[in-house]
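Asker: let me see the structure of the following:
(one chain, ligands or ions: 3)
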Amino acid sequence: MELHEIRKKLKKELDKGRYEHTKGVMYTAGCLAMAHGYSVEKAMLAGLLHDCAKCIPNDEKIALCEKNHILIHPVEYESPYLLHAKLGAYLAEKTYGVSNPEILHAIKVHTTGEPDMNLLDKIIYIADYIEPGRDKAPNLQEVRQMAFQDLNVCMAQILRDTLMYLMSRGGSIDNTTRMTYEFYKQYLDNEA
Ligand code: DGI
Ligand code: FE
Ligand code: FE
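Answerer: Ligands and ions are numbered 1, 2, ... in the order given. This next block holds a predicted model:
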């Protein structure tokens, strides 16, 4: 599928706000790729598709995963929106024709992260959090600046703030999110 066809299809699959966010992530991922020496085209394609499964209703997300033998963890049954990452990687391959494994992997891990992520994984995870349309997260200015300086420190800052938010809100936290923070917290200042 050509890039403009993917954009056209996504515009139909996503609601307006999500499509705007998607464009923000696509361009931000492109900029981060420039800053850190990765393929701008691949980063933009991964950014474009990262939330392609986001607007599928939750019961349908579950049904699609079950039908296609995508393993669902108990936390994902509790918070089915988490499935949009795994399911997004699946759809990126099957319905948008993406075969590059790095792109598919970055989509798959974009919500929880995972310990020791590769360059594209970090670019997408971070672009998702800092794209210009985002305005709610704490420390955004600091995190945005760090994104162009040190990806590992930036990951640690985002994971710290995300876990704080999730804990304050109550509800289930995926073990992968915790493990990802455990890995990246070594990059925070106050960690000797
Ligand atoms: O899809 P987006 O909204 O663009 O961004 P995302 O895929 O990173 O999802 C962000 C939300 O996911 C944010 O509110 C934090 C939440 N999240 C991250 N890790 C976990 C989590 N939610 C739960 N319940 N458990 C997690 O481990
Ligand atoms: Fe997402
Ligand atoms: Fe997103």
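Asker: show residues contacting whichever helix in the chain runs longest.
Answerer: When the chain is parsed with DSSP state H, its longest helix is helix 16-36. Contact partners of helix 16-36, identified using C-beta atoms under 8 Å, 6 or more residues apart in numbering, comprise 10-11, 14, 38-40, 42-44, 46-48, 50-51, 54-55, 119, 123-124, 126-128, 130-134, 147-148, 151. To be clear about C-beta, it is placed using only N, CA and C from the backbone, and glycine gets the same treatment.
Asker: select only the buried ones of those residues in PyMOL?
Answerer: The following PyMOL line selects those of the contacts of helix 16-36 that are buried, judged by 16 or more other C-beta atoms under 10 Å:
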select buried, resi 10+14+38+39+42+43+44+46+47+48+50+51+54+119+123+124+126+127+128+130+131+134+147+151
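Asker: if I pick the residue nearest to Thr180 when sequence neighbours are not counted, what's in contact with it?
Answerer: Of all residues not flanking Thr180 in the chain, Gly113 sits nearest, at 3.7 Å (C-beta to C-beta, 6 or more residues apart in numbering). With C-beta under 8 Å, 6+ apart as the criterion, the residues that contact Gly113 are 121, 125, 155, 159, 176-177, 180, 184.
Asker: just the element for Gly113, please.
Answerer: In this assignment (DSSP states H and E), Gly113 forms part of neither any helix nor any strand.
Asker: likewise for Ala85?
Answerer: Element membership of Ala85, judged by DSSP H and E, is helix 83-94.
Asker: filter the contacts of helix 16-36 by proximity to ligand 1?
Answerer: Counting by C-beta under 6 Å from any ligand atom, 51, 54, 128 from the contacts of helix 16-36 sit close to ligand 1.
Asker: can I get these in JSON lines including secondary structure and pLDDT?
Answerer: Output for the ones next to ligand 1 among the contacts of helix 16-36, formatted as JSON lines (DSSP: H, G, I helix; E, B strand; the rest coil; pLDDT from 0 to 100):
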{"residue": "Asp51", "secondary structure": "coil", "pLDDT": "99"}
{"residue": "Lys54", "secondary structure": "coil", "pLDDT": "98"}
{"residue": "Asp128", "secondary structure": "helix", "pLDDT": "98"}
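Asker: would you turn those into a markdown table with distance to ligand 3?
Answerer: Output for the ones next to ligand 1 among the contacts of helix 16-36, formatted as a markdown table (distance: C-beta to the ion, whole Å):
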| residue | distance to ligand 3 |
| --- | --- |
| Asp51 | 4 |
| Lys54 | 7 |
| Asp128 | 4 |
